[in-house]
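Quick one, fold the following:
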Amino acid sequence: MADHAELRRRAAAALARRVPADLAVWAVLDPATLLWSDCVLVGAERDVAFENAVFDNEYRVDDVLKLTDVAATGRAGALSAVTGGDPAASARYRDVLAPRGFTDEMRVPLHDGRTTWGAAVLLRAGGTFAAADVAAASAVARPLGEALRDALVRTGRDLVGGAPAGTILTDADGRVLDLSDDARALLGGDAVPQVVQAVAARRAAGLPAEGTVPLTDGRWLSFRASPLGGALAVVVEEVRPHQVADLVVRSKGLTPRERQVLAALARGASNRRIARECGMSEYTVLDHVKRLFAKFGVSGRGELTAALFFDHYAEAHSGR
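Numbers count the residues shown, from 1 in each chain. So this is what the prediction gives:
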């Protein structure tokens, strides 16, 4: 069966037969925060400047048809339609799309009825997306979302990055016996971090044998030990998006309630909706929001989402 990247390529080809586009971006989104995680491009090579401009608009600019907007409705939307036929009313159109020759954009949430797992962003260079195009894309948003969810869960592949997992073989005390080539590639050589010894010690103590380590290039690696005869096999792999969220929670000292509120804020939920979802008053939500602003060193919702993305997700983003 297809992995999640191949699934998106096939989905792009199938949708293109009904809704043609000059460029299509099929993204995996972190289901906890709806932040961009991994992209498959159809119709062009990766353009880092274009990519950064899109991210800047998504997380730092007040605009229409954000990913949080289409995720909330579960339906596709076209920029020409939401601006009443005047796409130039959108900062993304004026500053990002039009200078590159694009005349309209459609965004399609890939969801399973409860959770949004990805999104397709379709761009046309000439003409606009008609109402029939939007309806056709909306009709497949859920089936494609369910297929993407199943592919992500079935394959267990990293949603961030594409490096394969490696294995470190140690004795029961954590002394390294051997490393696989993939482990060396992830570690950047033969030097093994001390967390491997800590993981081995936790395994010996009958405790959960997992640990994470940040790298200087912005990535995090996770380590998980399992017994292998009289030795230990420590699997090392790049951290996945939901684990990134967990790392942010730890690094900022967030409470469980603050974590709930943070995820809801990243999805674009209002204070009233957060209060309803979390079973608390709007005053309590406001208190949590203020504390989150203080912990992230920001002064508003937009800055908070931008800080979460650019500090913890952008480095891991890749175009395939």
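
the longest helix in the chain is where?
In the chain, taking DSSP state H as the definition, the longest helix is helix 131-155.

what's the average pLDDT for that helix?
Averaged over helix 131-155, pLDDT sits at 87.

for it, packing partners?
Here helix 131-155 touches helix 4-18, strand 77-78, strand 104-111, strand 116-124, going by 3 or more C-beta pairs under 8 Å, 6 or more residues apart in numbering; DSSP states H and E. Quick note: C-beta positions are derived from backbone N, CA and C, even for glycine.

how about 6 Å then?
Helix 131-155 is packed against helix 4-18, strand 104-111, strand 116-124, with contacts defined by 3 or more C-beta pairs under 6 Å, 6 or more residues apart in numbering; DSSP states H and E.

Need the residues that contact the second one.
Going back to what we said before, that points to strand 104-111. 65, 70-71, 74, 76-80, 116-124, 128-129, 137, 141, 144-145, 148 (C-beta atoms under 6 Å, 6 or more residues apart in numbering).

ok, now stretch 164-180?
For stretch 164-180, contacts defined as C-beta under 6 Å, 6+ apart pick out 182-183, 186, 192, 196-197, 200, 231-237.

which residues does residue 184 contact?
Residue 184 neighbours (C-beta under 6 Å, 6+ apart): none.

what pLDDT does it get?
If you check residue 184, the pLDDT there is 92.

what does residue 200 give?
Confidence for residue 200, expressed as pLDDT, is 76.

what number of residues lie near it?
24 (other C-beta atoms under 10 Å).

Distance-wise, check it relative to residue 287.
Here residue 200 is placed at a distance of 42 Å from residue 287 (C-beta to C-beta, to the nearest Å).

now do residue 137
If you go by C-beta to C-beta, the gap between residue 137 and residue 287 works out to 40 Å.

More neighbours: which of those two?
Legend: neighbour count by other C-beta under 10 Å for residue 137 and residue 287, higher for residue 137 (25 against 15).

for that one, what are its contacts?
19, 76, 108.

Nearest spatial neighbour of residue 7, chain-adjacent residues omitted?
Nearest residue to residue 7, sequence neighbours excluded (C-beta to C-beta, 6 or more residues apart in numbering): residue 151, at 4.7 Å.

what does the helix or strand that contains residue 272 contact?
Assessed by DSSP states H and E, residue 272 sits inside helix 271-278. Helix 271-278 has contacts (C-beta under 6 Å, 6+ apart) with 260, 261, 264, 282, 285.

and it, how far from the chain's centre?
Distance of helix 271-278 from the chain centroid (C-alpha atoms, centre = their mean, to the nearest Å) equals 23 Å.

picking that back up, looking at the contacts of stretch 164-180, which are in strands?
Applying DSSP state E to these, the entries found in strands are 231, 232, 233, 234, 235, 236, 237.

If we only consider these, which is nearest to residue 96?
residue 237 (33.6 Å; C-beta to C-beta).

quick one, what contacts that closest one?
165, 222.

Numbering from 2 from now on, please.
Yep, numbering from 2; the last one is residue 238 now.

State the mean pLDDT of the helix or strand encompassing residue 310.
According to DSSP H and E, residue 310 maps onto helix 302-313. Averaging pLDDT along helix 302-313 gives 76.

So which elements touch that helix?
For helix 302-313, the contact count by 3+ C-beta pairs under 6 Å, 6+ apart identifies helix 49-61 as packing neighbours.

contacting residues around the helix or strand that the helix it packs on is followed by?
With elements assigned by DSSP H and E, the helix or strand that comes after helix 49-61 is helix 68-74. By C-beta under 6 Å, 6+ apart, the list of residues contacting helix 68-74 from outside reads 35, 78, 108, 110, 117, 120, 268, 269.

One more pass at 8 Å, please.
Residues outside helix 68-74 that contact it (C-beta atoms under 8 Å, 6 or more residues apart in numbering): 30, 35, 37, 59, 77-78, 108-110, 112, 117, 120, 267-269.

thinking again about what came up before, most neighbours, which of the contacts of stretch 165-181?
The most neighbours of any of these, using other C-beta under 10 Å, belong to residue 235, which has 29 neighbours.

I'd guessed that one sits against residue 199; true?
No. Using C-beta atoms under 8 Å, residue 235 is not in contact with residue 199, being 10.6 Å away.

Spatially nearest residue to residue 235 (excluding sequence neighbours)?
Per C-beta to C-beta, 6+ apart, closest to residue 235 is residue 169, 4.2 Å.
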